[in-house]
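# Coordinates only, no sequence provided:
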């Protein structure tokens, strides 16, 4: 005996499938009597809503694919945990692909997930990606797609982003309020919206407080390798920066280490602020002030949005865009 | 026109398939003339070696599934990178599953990967796992299985492990050689072979140097939460430990932080040694002495072994077991 579908229920009760669908969801437009009738019938016939019916319809399974650029980053691993919690509680299975910030690997990841017959994909793009045909292929295959964090503005689909602009603005304004005036920005590739938004938040905070925006204080520096190269150069500037606002905690931790080795006192002479609130912020000395991106929440929200699209619960025709607010977490690496 | 197989070539050239196979691989037992003949024919008929032929034969695709217990751990993320480098260079695609140290999730991960029709699985088991039927199911489905790091001794399959015993022994012996005599061990669940092996290395080093093995100096403490609970208790011991040998870098970093906050000088009063050599060992103050597990190499070796099994290049009938040697990396957190 196969699973019964919404259509079967509609036929048996002489209702339209959309009435049955709405009755199952307790839609206010449907009368209480009809709701009871439909729900009772569904229960008696062991109707399984959403995923299984959809799976039978589309020949896809109830697996969600996730593409992350960098598993080693604490932020992405917390996003994955959030995705996992939300998706698994709804009965979905998960498959992850790792692009390692590499365009070719990202393209292959998309192919692999389509081959694995996933019913939806959550993706955060690699730093390198400048072409979007592979993401378009997802959409063309009628697979639901939601971007998180590093969105692809060229593709017309739902997204969940961190409020990077406000996060950066607030952090830099806090540094200014503690007396810093030569604040350096260690950023990421300007091709990524998140990098641009943080830079704009940084610059707008300087502008608001009538501080100059200096080219030499604004560098691409988002890996340990770049940190070892760029930070010693910046410490040689005269006058040297009295604060570093860093695009991630890893670079911020190296920034502290390198500045201390060069003889600077943290935070008395140089304040350092990271971005993510990963666990290393608690084990550096001093502990690291940072911007909490709430990766776990982002993962849950992104998975929720994707599942709602898959199950037809989110029916907004345009793009749905969700914003995750950040919080500045003040620890020991910034002056009071 | 379908792909031609090794067998087709063998038939066309009136050779045995194994001769063709070895000729394609430039095996020394095959004459130069035969090699040229076979390789030319293969090229003319666009023969694609290994994966595609195998895929057609077995109705599985050229995707390898990987199950890791904890993506956030630096060690596992480097293993993943090693797996990825080796597997991708051989034309395989990858799908990851994350058990989050949870038995139920591990079982689901196995199901998900079997459903995704992977041709082989690399797995490291969760801390919680005490039943193995799901791993047996992989084997029963004729899917090649290789364990890495956290092996499941109950399942008769290939494995790649770190030389945890020697790594621990050497680290503890080094601590003793610098004058430490009250060395605490912060370990992991004794049900895991890696935890047991490290504890045995620790104890054997103490025995060799005629130091007592004290119950109160040997605790399960492998997470930040446990570190915050266990380490303050151990610092209250009289006499207090003069060294901590920790099961991972994360706990070692917290151990330094907590000991410093309690007023102890690192390394003068207390030496601390981690395990992994993750990037945090360079950003703590002092930097952290640790045991390098060579995760990247482990990933490559594990993937190589699996691929050799899939492609029939590793034909040893019993279990193949590979050992990855560790290296003690002396940094600033241990006395000289």
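Done, it's in. Note that this is a predicted model, so its numbers are computed, not measured.

# Quick check: phi and psi at residue A:321.
phi -130, psi 120 (degrees, to the nearest 10).

# Let me see the ranges of the helices in the stretch 151-300 of chain A.
A:164-177, A:193-208, A:224-235, A:249-261, A:295-310 (DSSP state H, counting those that start in this stretch).

# likewise the stretch 1-150 of chain A?
Going by DSSP H, counting those that start in this stretch, the stretch 1-150 of chain A shows helices at A:6-13, A:17-24, A:32-44, A:51-58, A:74-89, A:103-115, A:133-140.

# from these, which stretch is densest packed?
helix A:74-89 (a mean of 22; mean count of other Cβ atoms under 10 Å in any protein chain shown). Placement of C-beta: from N, CA and C, glycine included.

# Could I get the contacting residues of the nearest residue to residue A:253 once chain neighbours are set aside?
Nearest residue to residue A:253, sequence neighbours excluded (Cβ to Cβ, 6 or more residues apart in numbering or on different chains): residue B:283, at 3.8 Å. With contact set as Cβ atoms under 8 Å, 6 or more residues apart in numbering or on different chains, residue B:283 has these partners: A:250, A:253, A:254, A:256, A:257, A:280, A:284.

# and of the residues you listed, the nearest to chain B?
Using Cβ to the nearest Cβ, residue A:253 comes nearest to chain B of the contacts of residue B:283, at 3.8 Å.

# how many neighbours does that closest one have?
For residue A:253, the neighbour count with other Cβ atoms under 10 Å in any protein chain shown is 28.

# Distance of it relative to residue A:274?
Taking Cβ to Cβ, to the nearest Å as the measure, residue A:253 falls 7 Å from residue A:274.

# Next, show the common contact partners of the two.
Shared contacts of residue A:253 and residue A:274, counting by Cβ under 8 Å, 6+ apart, come down to A:281, A:288.

# Can you pull the residues of the stretch 151-300 of chain A lying near chain B?
The stretch 151-300 of chain A has residues A:224, A:250, A:253-254, A:256-257, A:260, A:279-280, A:282-285 near chain B, with proximity defined as Cβ under 8 Å from any Cβ of the partner chain.

# mind putting the residues you listed in TSV, pLDDT and distance to residue A:76 included?
Rendered in TSV, the data for those read as follows (pLDDT from 0 to 100; distance: Cβ to Cβ, whole Å):
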residue	pLDDT	distance to residue A:76
A:224	92	17
A:250	94	12
A:253	97	17
A:254	96	19
A:256	97	23
A:257	95	23
A:260	96	28
A:279	87	14
A:280	92	15
A:282	93	19
A:283	92	20
A:284	94	20
A:285	94	26
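
# Please identify which of the residues you listed is nearest to residue A:193.
residue A:250 (20.5 Å; Cβ to Cβ).

# Just grab the bridge partners of the nearest residue to residue A:144 once chain neighbours are set aside for me.
Spatially, and ignoring its direct neighbours in sequence, residue A:144 is nearest to residue A:120 (4.0 Å; Cβ to Cβ, 6+ apart). Under DSSP bridges, the beta-bridge partners of residue A:120 are residue A:64, residue A:144.

# wait, which of the helices of the stretch 1-150 of chain A is closest to residue A:175?
Closest among these, using Cβ to Cβ: helix A:74-89, at 21.3 Å.

# just checking, what packs against that closest one?
Applying 3 or more Cβ pairs under 8 Å, 6 or more residues apart in numbering or on different chains; DSSP states H and E, we find helix A:74-89 packed against strand A:63-68, strand A:93-98, helix A:295-310, helix B:103-115.

# quick one: it to helix B:74-89, angle?
Counting by axes from the mean of the first three to the mean of the last three Cα atoms, to 10 degrees, helix A:74-89 lies at 80 degrees to helix B:74-89.

# gap between helix A:74-89 and the chain center?
In terms of Cα atoms, centre = their mean, to the nearest Å, the centre of helix A:74-89 is found 10 Å from the chain centre.

# What angle do strand B:93-98 and that helix make with each other?
Using the same axes, to 10 degrees, helix A:74-89 lies at 80 degrees relative to strand B:93-98.

# ok, residue A:290 to chain B distance?
Distance, residue A:290 to chain B, using Cβ to the nearest Cβ, to the nearest Å: 13 Å.

# Next one, pLDDT for that residue please.
With respect to pLDDT, residue A:290 scores 98.

# Could you list which residues are in contact with the residue nearest to it when sequence neighbours are not counted?
The shortest distance from residue A:290 to any non-neighbouring residue, by Cβ to Cβ, 6+ apart, is to residue A:274 (4.0 Å). Residue A:274 makes contact with A:246, A:248, A:249, A:250, A:251, A:252, A:253, A:281, A:288, A:289, A:290, A:291 under the criterion Cβ under 8 Å, 6+ apart.

# Recalculate using a threshold of 10 Å.
A:171, A:186, A:244-253, A:255-256, A:280-281, A:284, A:288-291, A:329, A:331, A:333 (Cβ atoms under 10 Å, 6 or more residues apart in numbering or on different chains).

# do you know how far residue A:34 is from chain B?
For residue A:34, the distance to chain B - Cβ to the nearest Cβ - is 37 Å.

# Quick check, pLDDT for that residue.
At residue A:34, pLDDT is 87.

# Also the one 4 residues further on?
At residue A:38, the pLDDT value in this model is 88.

# gap between the nearest residue to it once chain neighbours are set aside and residue B:315?
Distances taken as Cβ to Cβ, 6+ apart place residue A:23 nearest to residue A:38, at 3.8 Å, with adjacent residues excluded. Between residue A:23 and residue B:315 the distance, using Cβ to Cβ, works out to 61 Å.

# cool, residue A:264 as well?
61 Å.

# try residue A:115
Computed as Cβ to Cβ, the residue A:115 to residue B:315 distance reads 29 Å.

# what does residue A:89 give?
Distance from residue A:89 to residue B:315, by Cβ to Cβ: 45 Å.

# Residue A:36 now?
Taken as Cβ to Cβ, the span from residue A:36 to residue B:315 is 65 Å.

# Pull the contacting residues for the residue nearest to residue A:144.
Counted by Cβ under 10 Å, 6+ apart, residue A:120 has contacts A:60, A:62-66, A:87, A:92, A:113, A:138, A:143-146, A:303, A:305-307, A:309-311.

# Residue A:268 too?
A:242, A:335 are the contacts of residue A:268 under Cβ under 10 Å, 6+ apart.

# how about the helices and strands packed on helix A:74-89 in CSV, adding mean pLDDT and distance to residue B:82?
Converted to CSV, those look like this (pLDDT from 0 to 100; distance: least, Cβ to Cβ, whole Å):
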stretch, mean pLDDT, distance to residue B:82
strand A:63-68, 96, 17
strand A:93-98, 95, 12
helix A:295-310, 96, 25
helix B:103-115, 94, 19
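
# Could you dump those into a markdown table and include distance to residue B:14?
Conversion of these to a markdown table gives the following (distance: least, Cβ to Cβ, whole Å):
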| stretch | distance to residue B:14 |
| --- | --- |
| strand A:63-68 | 47 |
| strand A:93-98 | 44 |
| helix A:295-310 | 55 |
| helix B:103-115 | 40 |
